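**Q** test case, fold it:
(one chain, ligands or ions: 1)
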Amino acid sequence: MEKQKFYITTPIYYPSDKLHIGHTYCTVATDAMARYKRLTGCDVLFLTGTDEHGQKIEDKAKAAGKTPKEFLDNIVEGPQGILDLWKLMNISNDRFIRTTDDYHCASIQKIFRKMYEKGDIYKGTYKGKYCKPCESFWTESQLVDGKCPDCGREVMDAEEEAYFFRLSKYADRVRHLLEDTDFLQPRSRVNEMVNNFIKPGLEDLCVSRTSFSWGIPVDFDPGHVVYVWVDALFNYTTALGFMNDRYHDYDKYWPADVHFVGKEIVRFHSIIWPAMLMSLEEPLPKHVFGHGWLLLDGGKMSKSKGNVVDPYLLAEQFGVDALRFFLMRTFPFGSDGNFSNELLIQTINTDLANDLGNLVSRTTAMVNKYFGGSLPAGCGATEDEKQLAAMVRMGSSVELAASGDTVDPVLYDAQLVAQAAGLKKAYAHEMDTFAPHNALAEIFKVIQRANKYIDENAPWTLAKDQGNRARLATVMYNLLETIRICAVLLTPFIPDSAEKIFDQIGACPCCRTWEKANVWGSLRPDVTVHKGEALFPRIDAEKALAELNAIQEAQRKAALPALELEPYTQEQVDFDTFCKSDFRAVKIKNCEAVKKSDKLLKFTLDDGSGTDRTILSGIHHYYEPEQLIGKTAVAILNLPPRKMMGIPSCGMLISAVHKEKGEEKLNLIMLDDQIPAGSKLC
Ligand code: MSP
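**A** Numbering: from 1, shown residues only. Model prediction:
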């Protein structure tokens, strides 16, 4: 029988900076889904890649003193680049597209021309706000306080010739797609799109630019480059061979089963993308799923805010599978979630070390201790258990109530078997509706049930009596079988660890499969376990947190721009006014902290006049008083006296200030001690 096709994509990433944990979240989610579909027997194509055109990339490359291609190659293919990150995170993509790949660029030119020839792309005039120094067009809503969002300078009304896509023509069809089908998920995103974009009226979209050159040229009008989103969205089809001969998979895999995308780019994927495909009369993707953001301290991570979390660091500290697991288990896929180191460590300790890790290590240790590592033949699933599991498989819901005060141990077995054998169905439902966090929650209910089963059966007590050997073996077998089923279903999330679990519980390859995930009794009755290292060692939370916080703080500082200077004043002062300022050399006779102020220092100064002068200065963060006594500094003396904390300050000491890695630095200007107090500085 022909395998069912499944084509899944991540967004293609902007390689303008190193990727952070938010990007990793999206890719790991797609990977887990792709692995799940492969596990279930689908013929999967999983695509990811990089979106390499646009002004941002051009500017960044220029700032780095590189050509755009050199700059990009380093971030995409260089050390700790995007490809390295996906390899580290065990991402199983089948294909990787770079939008600078020749075949893609040539396809985009053909696609653009086709929509132009159809009349859906036309030449018009783009009216907007223009910032001359930045050579950038902005829309009214992009301006910050009416000024250029990049440099803060005045903008002017301007026009440029540009190509437009007739988005308005497709408004009704797109609205129908959104409102009347399950194309866009989760459902909450539909209202957002319809209310914010469709109802106010869809305007035609400007799809070419002339203000920069790092893009795919419009081949019939070379001063124009194709708008980066048109170039980017079509990657999903060009990577299959649409309009090119590089690949030949378009007929096989298109339309995509699902595009996973972050919520801020849902608009492009659910309005512009289907409209362009409609224009080309190509099939539409079956689903777009808009996932939420990982937030840090309640805000979106961004390099410019200096609040990005480095996936390399977390993977190194805690392991790749632990990180993958944390991302998928903790945050409901359609909603935003707050990332924190505390939550990461807590999830690893609770779910992986305590619940899963312990279950595996306790069970294998007991099989070793009580049976020398191999269960006796004949202890496998009973006929009753197999029948019960088969009923669950057929869809019967099994109610098992204890009667009376004493519970027949067989009832515990039945409960465990029913829950474990029923897991696959519940899990599949969650995965098929793009709720990986719920799928994991289902698995962990069973893992917790199995841990309880150990306590209910107290194998250590059974082991004291030779007469209980058979029962003890059954208990062990049931635990191993439950672990096996859970490990099969955990494979998409923690692929390497799932393999280790299989090895430890002695699962042969044929019982590691999806088909056997609800077939109770698949493990050989005389199974041999191989106790290995702890899968997820418990983390000393306090120590790990302190270490992690220190490294992240250092990373944050290193990522900030090195040196920031105060803005230069454009306003001029005339010479006579300047000469009125009375700058003098002063000797610091005494210096002390002002009570109740953590900033102010009180200086007693010899200004050469014969009378001591008092000046207060808010520089205690930078100097201790004793460091300054005896030094020769510079002060302006003819400022009007000013009271601070009730003390009059007569003048101001002069310092040099700048910022380093975001931190304010201050140096009091010191003079050669040979210079007499009172000397005028001019
Ligand atoms: N290049 C476009 C996508 C074009 S697809 C045809 C782009 N790139 S991006 O690098 O800025 O973002 C890629 C994906 O990462 C987006 O889906 C975005 O939502 C996701 N994330 C970036 N930061 C994120 C978080 N903090 N949390 C979750 N996902 C986030 O957009």
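
**Q** the closest residue to the ligand within the stretch 251-400 of the chain: neighbouring residues, count only.
**A** In the stretch 251-400 of the chain, the residue that lies nearest the ligand is G262 (1.6 Å; Cβ to the nearest ligand atom). Using the backbone N, CA and C atoms, a C-beta is placed for each residue, glycine as well. For G262, the neighbour count with other Cβ atoms under 10 Å is 19.

**Q** could you verify my assumption that it touches V288?
**A** No. When contacts are counted by Cβ atoms under 8 Å, G262 is not listed as touching V288 (11.2 Å).

**Q** joint contacts of those two?
**A** Shared contacts of G262 and V288 (Cβ atoms under 8 Å, 6 or more residues apart in numbering): none.

**Q** residue ranges of the helices in the stretch 201-350 of the chain, please?
**A** Along the stretch 201-350 of the chain, counting by DSSP state H, counting those that start in this stretch, helices occupy 228-233, 235-238, 250-253, 266-267, 273-280, 311-318, 320-330, 341-347.

**Q** other SSEs contacting the fifth one?
**A** This means helix 273-280. Applying 3 or more Cβ pairs under 8 Å, 6 or more residues apart in numbering; DSSP states H and E, we find helix 273-280 packed against helix 102-118, strand 156-165, helix 171-180, helix 228-233.

**Q** and for the longest one?
**A** Contact analysis of helix 320-330 by 3+ Cβ pairs under 8 Å, 6+ apart lists helix 21-39, helix 311-318, helix 341-347, helix 436-457, helix 495-505 as its packing neighbours.

**Q** K169: neighbour count?
**A** The burial count for K169: 15, using other Cβ under 10 Å.

**Q** which SS state does it fall under?
**A** helix (DSSP: H, G, I helix; E, B strand; the rest coil).

**Q** coming back round to it: can I get the helices of the stretch 201-350 of the chain in TSV including mean pLDDT and distance to P648?
**A** As requested, those are exported to TSV (pLDDT from 0 to 100; distance: least, Cβ to Cβ, whole Å):
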stretch	mean pLDDT	distance to P648
helix 228-233	96	61
helix 235-238	98	69
helix 250-253	98	80
helix 266-267	96	60
helix 273-280	98	69
helix 311-318	96	52
helix 320-330	98	58
helix 341-347	97	49
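
**Q** can you redo those as JSON lines with mean neighbour count and distance to the ligand?
**A** JSON lines is the format used below for the helices of the stretch 201-350 of the chain (neighbours: other Cβ atoms under 10 Å; distance: least, Cβ to the nearest ligand atom, whole Å):
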{"stretch": "helix 228-233", "mean neighbour count": "24", "distance to the ligand": "4"}
{"stretch": "helix 235-238", "mean neighbour count": "24", "distance to the ligand": "6"}
{"stretch": "helix 250-253", "mean neighbour count": "16", "distance to the ligand": "17"}
{"stretch": "helix 266-267", "mean neighbour count": "20", "distance to the ligand": "9"}
{"stretch": "helix 273-280", "mean neighbour count": "21", "distance to the ligand": "8"}
{"stretch": "helix 311-318", "mean neighbour count": "19", "distance to the ligand": "11"}
{"stretch": "helix 320-330", "mean neighbour count": "23", "distance to the ligand": "10"}
{"stretch": "helix 341-347", "mean neighbour count": "18", "distance to the ligand": "15"}
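
**Q** and T474, which of these is closest to it?
**A** Checking the helices of the stretch 201-350 of the chain against T474 by Cβ to Cβ gives helix 320-330 as the closest, at 30.7 Å.

**Q** poorly predicted segments of this structure, please.
**A** Within the chain, the ranges that satisfy pLDDT under 70 run 132-136, 150-151, 303-305, 398-407, 560-563, 660-663.

**Q** tell me which parts of it are close to the ligand?
**A** Counting by Cβ under 6 Å from any ligand atom, the residues of the chain close to the ligand are 11-14, 22-23, 25-26, 51, 232-233, 235, 261-262, 264-265, 293-294, 300-301.

**Q** check contacts around the residue in the stretch 1-150 of the chain positioned nearest to the ligand.
**A** Taking Cβ to the nearest ligand atom as the measure, the point where the stretch 1-150 of the chain comes nearest the ligand is G22, at 2.2 Å. Residues in contact with G22, defined by Cβ under 8 Å, 6+ apart, are G262, W293, L294, K300, M301, V308.

**Q** what about the nearest residue to T27 once chain neighbours are set aside, neighbour count?
**A** The shortest distance from T27 to any non-neighbouring residue, by Cβ to Cβ, 6 or more residues apart in numbering, is to T10 (5.2 Å). The tally of other residues near T10 (other Cβ under 10 Å) stands at 24.

**Q** same check on R642?
**A** Residues contacting R642 under the criterion other Cβ under 10 Å number 13.

**Q** verify the stated contact: it with S617.
**A** No. Using Cβ under 8 Å, R642 makes no contact with S617, being 11.6 Å away.

**Q** coming back round to it: pull out the buried residues from the contacts of G22.
**A** G262, W293, L294, M301, V308 (16 or more other Cβ atoms under 10 Å).

**Q** ok, those vs A541, which is closest?
**A** L294 (20.5 Å).

**Q** check contacts around the closest one.
**A** I21, G22, Y25, M301, V309, L327, F331, D336, G337, N338, F339.
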